[in-house]
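Engineer: I'll drop the sequence and a predicted model, then ask my questions.
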Amino acid sequence: MNTQTKPGFSIKALLIFLGVLIANIAVNGVIFIFFRDSSLNPLLTAVLAVLWGVLGVYLIYYTFTWAVEKFPDRISRSVLPYVFIGPAVLVLGWLLVLPALRTLYLSFFNASSDKFVGLGNYIAIFSDRLLATALRNNLLWVFVGTLACVAFGLLIAILADRSSYERIAKSIIFMPMAISFVAAGVIWKFVYYYQPGDEQIGLLNAIVMALGGEPQAWVSMLQPWNNFFLIIILIWMQTGFAMVIFSAAIKGVPDDILEASRVDGAGEIRIFFRIIIPFISTTILTVTTTIIVFTLKIFDVVMVMTGGQYGTEVVATQFYRQFFMYRNFGYGSTLAIVLLIAVLPVIIINLRQFRKQGGF
Amino acid sequence: MAGKKKRRSKKWIVNIVLGIICFVWLLPTLGLLISSFRPAADILETGWWKVFPHQEWKTKDTIQLSKDVDLRGPIEVNGQTYTDDQLKSGVMQDGKRLTWENRRAREISVQDQGWVGSPKLTLDNYKNVITGKEYTIKNADGSESKEKGTGLSQAFWNTLTIAVPATVIPVLIASFAAYAFAWLRFPGRRTLFVVIIAMLVIPIQVALIPVLKDYTSLGLNGSYLGIWLAHTAFGLPLVTYFMYNFISQLPKDLFESAFMDGATHFTIFSRLILPLSVPALASIGIFQFLWVWNDYLVSLIFIGNQPEVQVMSMKIADLVGSRGNDWHLLTSAAFISMLMPLAIFFLLQKYFVRGLMGGSVKG
């Protein structure tokens, strides 16, 4: 199809396009201000927001595509993709990509972001004792937490595969994944609860006492071991994730290989280490990196359990403290960048993977 | 078949070991659930496992010793002598247990072992936590005190108000983008998609400070709109990636035949792609919804301490800080916040698991 581009046609289309653009900006600007300042009943706001979220956002796409189609074919075909990705790119750019760059920039400035300090913040972070504790604890979380999640996940996946009630068992182990870390914090605070006196209502102290031990305030005393009691919460929540993925991978191990090695007299443990583990090694690697990334950013649990006191500070809680409570934007940004640097290898792996898959 | 038999005996062991692990996994949640139905005073007096029938020492009789018995010397009860320490921890005599009932008044209780069942259960904790009304509770020492309810119902609706749009908006925007990335060719496509993949695992902390600054100057702090936009942006990379993986796998003929019929991309997307993507939309939608529902950090930063907008996770975290020993409130509040995730988990398990697997890369 050959459309002879008539200039008048194009100008008309351009005007329509501009009109749609201005109308959209005006309408959504009004909606923006309405939602910002509205003091309606929250439920009503929610209903309106869902309407806007579905119809309003849909309407943005609809009007823009309609306007773009007024252009000659060649132009419309090259503009249309940008209408489709436009909103996503704008939101992402404004609230994620640019902020990341601005944070990097801020990390070279002092607490109130008005004086350039070079690498001063980075040096301060690695020499400050409190921040050093946070870094040490984060390493502890990453190593112990990830290792335990992966090990337990594997063990339970194998056991479930061989048990007679696989589905129920997997549901039980996976359930903690659904709830929030705040709720999990309450659950475990109750398990660890300590009160002076003979009657312990916390499960752990009751067990310790039944075994003839002394009750303890697990989360506040015993530094630095109290960190392990917090890490147990992570293990409780994330093992289910590892298990579900391992379980799927284990089912992919061909039966004839397993049967053949059994005929050859290999024991189950030998089969596990010699056949199953090598077979699912890529899955193990993926799960491990995923949990590491997740654990690096651990925040809610520590916040709810100790608020970062008693030597349980981690980088994310320290970030919150510096940025939100002390208003030290320099340290805050620097800590955020430290987290970013920690996940950088994973980002690179992801990109490489993407390229290897042929990308596009 | 000796091998089969051997494996069957192993299965028996596997079942038991797995059973123990599942029991341990379930126990903390069970404790929370049971405690949330117990009266405030009971929770602090006895462990939650005491609601199950168990044997307990019960006072059958009391013995009044003379007031001037010397506690430092041997104490004679029913013709036998004991030390003060023995009576403090309880000592056996003729199958009955002797222990101080009231040490200062020199009163000894004679106890018998008996079964205790039928625990007291109540819905009061839930009532108190849900409403904002004042209520009275009985303390462990028998006194009564007045407390103001937590008003969690408001927080529940706030959470819903935040979570639903913060799920719908990013899923819709991301699906449009995913369609363009998968089926349209345009300059910058590769670069933009690489940025999205790079953003997948990025810690959101790197965005919080500048975004908060922008929000402060736009007046978006503490507004629903601000938090919807924040969740939209933080969820977008993952949702786009997930939807891209799905949409790009759809058969090519589908598009070609639709194009032959003269359909535009917009029609193809809304009439063909969206209906076909329902399972994927459900999976990632559930993931995003739960992510927002369970979120604490983003709300903490952008909502701050405005009680009328606060979400449940903030309310509960506040309770932990301010009323850390009021387990009747904490347990019921935590359980209310778990209701939605657990309902989704049990009803939509298939989508839930699929979404979590796809969403596991989220930063």
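Structural biologist: The structure has been received and is ready for your questions. Numbers count the residues shown, from 1 in each chain, chains lettered A, B, ... in the order given.

Engineer: Now do residue B:245 against residue A:85, distance only.
Structural biologist: In this view, residue B:245 and residue A:85 are 16 Å apart by CB to CB, to the nearest Å. (Each C-beta comes from the backbone N, C-alpha and C, glycine too.)

Engineer: Show me where chain B dips below the pLDDT cut-off.
Structural biologist: Chain B contains residues with pLDDT under 70 at B:1-9, B:117-118, B:132-150, B:356-363.

Engineer: Find the residue at the geometric middle of it.
Structural biologist: Ranked by distance to the mean C-alpha position of chain B (CA atoms, centre = their mean), the top residue is residue B:338 at 4.3 Å.

Engineer: Next: chain A.
Structural biologist: So for chain A, CA atoms, centre = their mean, it's residue A:294, sitting 5.6 Å from the centre.

Engineer: Could you report the separation of that one from residue B:281?
Structural biologist: 24 Å.

Engineer: And for residue A:341?
Structural biologist: 35 Å.

Engineer: Between those two, which is the more surrounded one?
Structural biologist: Neighbours per residue (other CB atoms under 10 Å in any protein chain shown) separate residue A:341 from residue B:281, with residue B:281 holding more: 21 against 10.

Engineer: quick one: which helix or strand includes the more buried one?
Structural biologist: Residue B:281 belongs to helix B:278-294 when assigned by DSSP states H and E.

Engineer: Quick check: residue B:54 vs residue A:209, distance?
Structural biologist: Remark: distance between residue B:54 and residue A:209 (CB to CB) = 15 Å.

Engineer: swap in residue B:200?
Structural biologist: 47 Å.

Engineer: Could you check which of the two has the larger neighbour count?
Structural biologist: Using other CB under 10 Å as the criterion, residue B:200 and residue A:209 rank with residue B:200 on top: 21 against 14.

Engineer: That one contacts residue B:237, doesn't it?
Structural biologist: Yes - using CB atoms under 8 Å, residue B:200 is in contact with residue B:237, at 5.1 Å.

Engineer: After the longest helix along chain B, which helix or strand is next?
Structural biologist: Looking across chain B with DSSP state H, the single longest helix is helix B:2-35. Using DSSP H and E, the helix or strand that follows helix B:2-35 in sequence is helix B:40-45.

Engineer: what helices or strands is the helix or strand following that next one leaning on?
Structural biologist: Downstream of helix B:40-45, the first helix or strand assigned by DSSP H and E is strand B:54-64. Applying 3 or more CB pairs under 8 Å, 6 or more residues apart in numbering or on different chains; DSSP states H and E, one finds that strand B:54-64 contacts strand B:96-102, strand B:107-116.

Engineer: Of those, flag the one that's most buried.
Structural biologist: strand B:96-102 (a mean of 17; mean count of other CB atoms under 10 Å in any protein chain shown).

Engineer: roughly how far is that one from the heart of the chain?
Structural biologist: Its chain's C-alpha centre and that of strand B:96-102 lie 42 Å apart, by CA atoms, centre = their mean, to the nearest Å.

Engineer: What strands line up against it, and which way round?
Structural biologist: strand B:91-93 (antiparallel), strand B:107-116 (antiparallel) (DSSP bridges).

Engineer: so which of the ones you listed comes closest to residue A:231?
Structural biologist: Nearest to residue A:231 among the strands paired with strand B:96-102 is strand B:107-116; the distance by CB to CB comes to 36.7 Å.

Engineer: Take the closest one, keep the C-alpha atoms, and write them as PDB.
Structural biologist: Extracted in PDB, the C-alpha atoms of strand B:107-116 (Å, rounded to 0.1, in the frame of the first residue of the first chain):
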ATOM      1  CA  GLU B 107       0.200 -22.300 103.900                       C
ATOM      2  CA  ILE B 108       1.000 -25.400 102.000                       C
ATOM      3  CA  SER B 109      -1.100 -26.800  99.200                       C
ATOM      4  CA  VAL B 110      -1.600 -30.500  98.600                       C
ATOM      5  CA  GLN B 111      -1.900 -31.200  94.900                       C
ATOM      6  CA  ASP B 112      -3.200 -34.000  92.800                       C
ATOM      7  CA  GLN B 113      -2.500 -34.600  89.200                       C
ATOM      8  CA  GLY B 114      -5.500 -34.200  86.900                       C
ATOM      9  CA  TRP B 115      -6.400 -33.600  83.300                       C
ATOM     10  CA  VAL B 116      -7.100 -30.100  82.200                       C
END
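
Engineer: which residues touch it?
Structural biologist: The contact list for strand B:107-116, computed with CB atoms under 8 Å, 6 or more residues apart in numbering or on different chains, reads B:50, B:53-65, B:77, B:87, B:90, B:96-101.

Engineer: Strand B:54-64 and that one, what's the angle between them?
Structural biologist: With axes from the mean of the first three to the mean of the last three CA atoms, to 10 degrees applied, the angle from strand B:107-116 to strand B:54-64 works out at 160 degrees.

Engineer: From residue A:301, how far out is the closest residue in space to residue A:71 that isn't next to it in sequence?
Structural biologist: Among residues not flanking residue A:71 along the chain, residue A:13 sits closest, at 4.6 Å (CB to CB, 6 or more residues apart in numbering or on different chains). Look at residue A:13 and residue A:301: by CB to CB, they are 56 Å apart.

Engineer: got it, and residue B:338?
Structural biologist: Per CB to CB, residue B:338 is found 15 Å from residue A:301.

Engineer: mind listing the strands for chain B?
Structural biologist: Using DSSP state E, the strands of chain B run over B:54-64, B:75-77, B:80-82, B:91-93, B:96-102, B:107-116, B:134-138, B:144-148.

Engineer: The longest one pairs with which strands?
Structural biologist: Here strand B:54-64 is paired, per DSSP bridges, with strand B:107-116 (antiparallel).

Engineer: where's the strand it pairs with relative to the chain centroid, distance-wise?
Structural biologist: That offset, for strand B:107-116, works out to 40 Å (CA atoms, centre = their mean).

Engineer: ditto for stretch A:165-179
Structural biologist: Counting by CA atoms, centre = their mean, stretch A:165-179 comes out at 21 Å from the chain centroid.

Engineer: Now look at stretch B:188-197 and say if it contacts chain A.
Structural biologist: Yes - using CB under 8 Å from any CB of the partner chain, stretch B:188-197 reaches chain A at B:189, B:190, B:192, B:193, B:194, B:195, B:196, B:197.

Engineer: ok, so of those residues, who is nearest residue A:228?
Structural biologist: residue B:197 (34.9 Å).

Engineer: dump the residue contacts of that closest one.
Structural biologist: A:350, A:351, A:354, B:237, B:241.

Engineer: Residue B:318: how many residues sit nearby?
Structural biologist: Neighbours around residue B:318, by other CB under 10 Å: 16.

Engineer: how far away is it from residue B:333?
Structural biologist: 10 Å.

Engineer: Run the chain-centre distance for the helix or strand where residue A:206 lies.
Structural biologist: Secondary structure from DSSP H and E places residue A:206 in helix A:203-210. Centroid separation for helix A:203-210 versus its chain: 34 Å, with CA atoms, centre = their mean.
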